[in-house]
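Chemist: Sequence first, predicted coordinates after that:
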Amino acid sequence: MDIFTTLYGNLALGFGEALTLSNMWYCLLGVFLGCMVGVLPGLGSLIAISLLLPITFHIPTSGALMMLAGVYFGSDYGGGTSSILLGVPGHAAAAVDVLDGYPMTQQGRGGIALFMKCVASFFGATVGILLLALLAPALASVALKFGPGEYAALLLLGLIASATVGQGSPLKGIAVMLVGILIGTIGLDISSGLPRFTFGISELEDGVNLAVLALGLFAITELVKSCGQGRKKVAEQKFGLRDQLPTREDWRRSVGPMLRGSGLGATFGALPGTSGGLATFLAYSIEKRISRNPERFGKGAIEGIAAPEACNNAGIGGAFIPTLTLGIPGDPIMALLLGAMMMQGIVPGPQVVTEYPDLFWGLIASFWIGNVLLVILNIPLIGLWVRILAIPYSLLFPAIVMFTCIGAYSVHNNVFDVLVLSICGLIGYLMLQLRFEAIPLLLGFILGPSLEENFTRSMTIYRGDFTTYFERPITASILLVTLALVVWTFWMASRKPSRPQEA
Amino acid sequence: MKSPDMRDIASGVTLIAIGLFAAIYAYANYRMGTVTRMGPGFVPFWLGCIVAGLGTLIAVLPFLSARRDTIEPPPFHPRPLIAILVAVLLFAGLVTRIGLVPTTLIVTFVSALAERGFDLKRTAMLAVTLAALIWVIFLLLLDMRLPAIVLPG
């Protein structure tokens, strides 16, 4: 029972840290703002976090990370709300909620769908967070023995996974990821202290700012893309508390799917590159396959909400495992969180668990608190979210343009960053037109500097001999997995005429 | 045989340009060092070479196979792109010179032009509301170091 006493001690430490008044406030603020942005169709977690990233540079580390995690949970949750009520997913992972959630709304059972989503997501999140709390310290203690070579190999694996799992061509994904690393080299070189690619502009010596790049690539590009697209209206619904309570039959149907969904999500979430809906769609199709009457699916079956929703939220907990213990993010949002950590002067990696235990466990505790707050915010406040959904886009986007500009300006209180923002926005839109994905670029940008540093150091240790990578068991097996991933992706890409829109 | 996709060729050529630029610039300006002791130019040089190589593959492959990517990008809309970029540039040029409140009014009008069916009265109301909101949030509550309004003279 030793492991559980340690876990108890750690969680007690975490809750002690997370339950301070200021941290609770940041968590609540994050969850609330996340929900608000997430509910708006087309504005997913990525944009929500990009918009709030500049603010976090000005607040204490644990509060900043708790707020960002809250934004992540909140916007992820809000995305599902718009799936159920409008039939328009707020983001890719919420697309599965449309399948049965929107039919339930059309049948006047939208409130019940939202309630069950809330319960399932809370359940799934709890499973994911428990798994994270159990596995993270163990994984971190293994990873503490890693040297620069092992890190370089792991970073390469994470980058290749993110570049090849997307929807577009894997070749382009890898190329654009490398361009991201190149953008990451802008600024003062860590080892020599010399400026690189700054072209004599002193503002570039700090490098391109992460928040500015993310705002340009995601917020500006998304604004340009969605202008002129029509939007649906919310169907008339009642959202009193009584209209939201599921029947006994609904509960009975949902328990099994929630358990299976959580298990699936937690397993898949820990693997890099599997976010964006793959696991949630898998959870949905498993429920459909084992159901005694699969014909109900797609017509408002409550299982079709419970399973993917539990899976999605368990997956978030799982995805934090490699992010927090290895410093290898599983998806772009995790990468942004890592970037925020770096901005606060914390080097991500296994030492975070041992060197900053209050931060690490506080963050884990705040995930759970954030999910409790989500339940509290969403059941009584559903009317508010419905009203936000109804805001016309033409009123919304000038406001987002302003918030984006102010966000970029506030990073260094400098107009130069706003100019960089406009360039990043233009690049993002051109990339969209040329069918490049922005996510590998962002990951390359965030992880590139630490890949370069670890690679350089490893080559010094290995006396300039590349083959050492294949002689050491850990680096050799990581590189082998990477190679297998590349071969498999290209083989799949050459077999199919085109990769499908949704995995 | 179908004609190769122009977008792939353009993507490839762009990557070649970026890669070659990075490689040549790094080679010319930064010390390369040795594999054991890498200089600041080492990683950018080789990255540039690999990017240019991948770019060549991407540009050439469409000529070799008839297979085409079926994922269509969204149609190209110059109007929202120009309106939003101009709005951002105006913010950059104006915010320290005339202050946050008048900049908000101007940026709101320009970015509202991104959508067809520009409504003067509605945009004016939005601009005023937004300017008030932003003044309260960013200057009063968050205490940002920006002038609310700079009077001429």
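Modeler: Here it is on my side, so go on.
Chemist: gap between the residue of the stretch 251-400 of chain A found nearest chain B and B:Pro80?
Modeler: Taking CB to the nearest CB, chain B has its nearest neighbour within the stretch 251-400 of chain A at A:Pro398, 4.4 Å off. In this view, the C-beta of every residue, glycine as well, is placed from N, C-alpha and C. Note on A:Pro398: its distance to B:Pro80, by CB to CB, to the nearest Å, is 12 Å.
Chemist: Between the two, point out the one with more neighbours.
Modeler: Neighbour tally, A:Pro398 and B:Pro80, criterion other CB atoms under 10 Å in any protein chain shown: the higher count belongs to A:Pro398, 26 against 21.
Chemist: so the more buried one touches B:Leu113, yeah?
Modeler: No. In this structure, A:Pro398 is not within contact of B:Leu113 by CB atoms under 8 Å, at 9.7 Å.
Chemist: and the end-to-end length of stretch A:104-112?
Modeler: Distance between the boundary residues of stretch A:104-112 (CA to CA, to the nearest Å) amounts to 8 Å.
Chemist: Could you list the low-pLDDT ranges of chain B?
Modeler: Where chain B drops to pLDDT under 70, the residues are B:1-4, B:65-74, B:153.
Chemist: Domain parsing of it, as residue ranges.
Modeler: Domain assignment for chain B by automatic domain parsing gives B:6-64, B:78-141.
Chemist: Could I get those in a markdown table, plus columns for distance to A:Cys118?
Modeler: Compiled in a markdown table, those are given as follows (distance: least, CB to CB, whole Å):
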| stretch | distance to A:Cys118 |
| --- | --- |
| domain B:6-64 | 43 |
| domain B:78-141 | 29 |
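Chemist: if I look at the residue of the stretch 1-150 of chain A found nearest chain B, how far off is A:Val212?
Modeler: Proximity of the stretch 1-150 of chain A to chain B (CB to the nearest CB) peaks at A:Ile55, 7.8 Å away. Using CB to CB, A:Ile55 is found at 14 Å from A:Val212.
Chemist: okay, those two: which has more neighbours?
Modeler: A:Val212 (28 against 20).
Chemist: surely the more buried one meets A:Val420?
Modeler: Yes. Here A:Val212 lies in contact with A:Val420, judged by CB under 8 Å, at a distance of 5.2 Å.
Chemist: Residues in contact with both of the two, list them for me.
Modeler: Common neighbours of A:Val212 and A:Val420 (criterion: CB atoms under 8 Å, 6 or more residues apart in numbering or on different chains): A:Ala408.
Chemist: Pull the contacting residues for B:Phe45.
Modeler: For B:Phe45, the contact set (CB under 8 Å, 6+ apart) comprises B:Ala22, B:Ala23, B:Ala26, B:Tyr27, B:Tyr30, B:Met32.
Chemist: Pull out the buried residues from stretch B:109-129.
Modeler: Neighbour counts over stretch B:109-129 (16 or more other CB atoms under 10 Å in any protein chain shown) mark B:Phe109, B:Val110, B:Ser111, B:Ala112, B:Leu113, B:Ala114, B:Glu115, B:Thr123, B:Leu126, B:Ala127 as buried.
Chemist: Sort out for me which of these are in helices.
Modeler: Counting by DSSP state H, the buried residues of stretch B:109-129 place B:Phe109, B:Val110, B:Ser111, B:Ala112, B:Thr123, B:Leu126, B:Ala127 in helices.
Chemist: what number of residues lie near A:Ser22?
Modeler: With other CB under 10 Å as criterion, A:Ser22 counts 12.
Chemist: Quick check: pLDDT value at it.
Modeler: On pLDDT, A:Ser22 comes in at 86.
Chemist: quick one: which helix or strand includes the residue nearest to the spatial centre of chain B?
Modeler: Residue closest to the mean C-alpha point of chain B, counted by CA atoms, centre = their mean, is B:Leu85 at 8.3 Å. Take DSSP states H and E as the rule and B:Leu85 turns out to sit in helix B:78-98.
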